[in-house]
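Trainee: Got a predicted model here, sequence first, then my questions.
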Amino acid sequence: MSEKFSLKDHLFNASSIEDLADEFAVLPGFDGPRFHSDVMGGLPDRELMERLDWIADCVQSRLSDDFPTMVDQLITAMPPKLDHTKTDDDFGRFIHAVPGILAVRHGLERHRDLALDLIYEATQRFSMEFYIRPFINRWPDETLARLQQWAGDDNYHVRRLVSEGTRARLPWAGRINLDVCDPIPFLDQLHSDPTRYVTRSVANHLNDIAKSHPDLVVTTLRRWEKADKQKPKELAWMTRHALRTLIKQGHPGAMDVLGYRVDADVSLQDLTVLPSVPRGGVQDIKFTLLAPQSEPVIVDFVLHSVKSDGSTAPKVFKLKQAKLAPNTPMTFAKSHRFKDNATTFTLYPGTHRIDIQVNGKVLGGQDFELV
């Protein structure tokens with residue numbers, strides 16, 4: 001059996017810490033081998049984010065206590081900027097989060113502007129989306145004014161930070177004290193960005209907003225379509241990505257934006273599912289759709305799974321986008337495996353249900369037993 005993948009060991013290991021030591025070796029008196037030994041000695045007992053703090057501790061102890069001098073040292077030790085000629089890229093290496101951590105620790109209260117300058121430089125090496133947020137919370141007006149400047153920056157990593165750093169539901173990140181609607185002006189500016197790395201962030205940001213303000217997202221996307229500042233193909237991609245949660249929910253406005261009718265005249269025929277499936281087994285779903293006229297459809301299936309208390313909870317699974325021809329049956333098939341060794345959920349035996357959802361509307365379903 002292969003070893004289980006460890007993200008923390010993949011990101012923080014002897015090789016990556018050696019790379020970081022080599023970068024800081026440009027500082028006079030920096031003992032790279034000793035730094036490497038100290039960091040590695042403290043990694044095994046720490047989880048991923050704790051490892052970042054530990055690495056920052058080890059770096060900090062070797063830098064000046066004077067924050068302006070520390071900033072100069074951190075900038076001197078930074079690796080080259082991420083390739084600015086690309087239009088899509090990851091957010092860099094986690095080992096390069098150290099300047100952001102130290103900016104928050106030592107610059108948040110007494111050196112706001114200098115700390116933001118450091119974040120500006122650092123985000124061109126590793127995304128500072130986690131570390132801009134304390135500044136938004138502590139200094140909202142001043143930080144948002146800085147983000148407004150950055151939204152027009154030449155470097156697309158800086159522009160992406162404006163969207164990603166203000167996301168209310170940013171994964172792994174701390175809470176942000178902004179109304180979920182406040183960043184909309186930033187997104188209005190960034191939606192026309194020429195880089196997919198930025199537009200993906202904008203679309204993800206809108207998808208976050210959709211979970212609490214669905215109609216705002218729909219009206220925003222319609223406004224962007226009328227503004228005609230983004231290439232139609234890219235805006236279409238962004239729209240689909242931004243509406244993915246609302247499409248699963250069958251939101252009428254979202255369906256309409258994408259050209260699908262919630263009240264489409266579509267009939268469900270010949271739905272078959274296996275009457276029982278063992279844990280670890282596969283459920284085979286098959287059915288036919290029929291419409292009297294040409295009809296674009298988004299076809300999903302909804303699995304109602306039994307919970308620990310015996311109730312059921314629905315989850316929507318994407319199946320297919322298609323266009324039904326007039327009076328021409330179209331058959332769909334899907335196999336769904338019930339993984340019995342998943343780490344994020346537990347399977348419980350009992351009566352489950354499969355519903356077929358077309359353009360956000362459930363057309364019918366069938367029960368089965370998970371045994």
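Mentor: Right, received. Where do you want to start? Numbers count the residues shown, from 1 in each chain.

Trainee: Does the closest residue to residue 154 other than its chain neighbours fall in a helix, a strand, or a coil region?
Mentor: Excluding the flanking residues, the one nearest residue 154 by C-beta to C-beta, 6 or more residues apart in numbering is residue 84, at 7.7 Å. The way it works is simple: take the backbone N, C-alpha and C, and place the C-beta from them, glycine included. Assigned with DSSP: H, G, I helix; E, B strand; the rest coil, residue 84 falls in the coil class.

Trainee: Show me what stretch 134-147 is in contact with.
Mentor: 104, 108-109, 112-113, 115-116, 119, 132, 161-162, 165-166, 174-178, 182, 186 (C-beta atoms under 8 Å, 6 or more residues apart in numbering).

Trainee: what about 7 Å?
Mentor: Under the criterion C-beta atoms under 7 Å, 6 or more residues apart in numbering, residues 104, 108, 112, 116, 162, 166, 176, 177, 178, 186 lie in contact with stretch 134-147.

Trainee: mind checking how far the residue nearest to residue 154 is from residue 107?
Mentor: 25 Å (C-beta to C-beta, to the nearest Å).

Trainee: out of the two, which sits in the busier spot?
Mentor: The neighbour comparison of residue 84 against residue 107 (other C-beta atoms under 10 Å) goes to residue 107, with 24 against 13.

Trainee: Pull the contacting residues for that one.
Mentor: Neighbour list for residue 107: 67, 114, 115, 118 [criterion: C-beta under 7 Å, 6+ apart].

Trainee: From start to finish, how long is stretch 146-156 in a straight line?
Mentor: Stretch 146-156 stretches 15 Å from its first residue to its last (C-alpha to C-alpha, to the nearest Å).

Trainee: hang on, the earlier thing: columns secondary structure and distance to residue 78 on top of the contacts of residue 107, output as TSV?
Mentor: Listed next are these as TSV, based on DSSP: H, G, I helix; E, B strand; the rest coil; distance: C-beta to C-beta, whole Å:
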residue	secondary structure	distance to residue 78
67	helix	16
114	helix	15
115	helix	15
118	helix	10
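
Trainee: Mind checking which of the residues you listed are buried?
Mentor: Buried subset of the contacts of residue 107 (neighbour count, 16 or more other C-beta atoms under 10 Å): 67, 114, 115, 118.

Trainee: Based on its surroundings, how many neighbours for residue 193?
Mentor: 23.

Trainee: that older thread, find me the pLDDT at the residue nearest to residue 154, would you?
Mentor: Per-residue confidence at residue 84 stands at 80 (pLDDT).

Trainee: How about the secondary structure of residue 189?
Mentor: From three-state DSSP, the assignment for residue 189 is helix.

Trainee: oh sorry, the question was meant for residue 322
Mentor: Strictly by three-state DSSP, residue 322 counts as strand.

Trainee: and it, bridged to which residues?
Mentor: Assessed by DSSP bridges, residue 322 has beta-bridge partners residue 297.

Trainee: Distance check, it against residue 299.
Mentor: Taken as C-beta to C-beta, the span from residue 322 to residue 299 is 6 Å.

Trainee: More neighbours: which of those two?
Mentor: Between residue 322 and residue 299, counted using other C-beta under 10 Å, residue 299 has the larger neighbour count: 21 against 15.

Trainee: Would you confirm that the more buried one belongs to a strand?
Mentor: Yes - per three-state DSSP, residue 299 lies within a strand segment.
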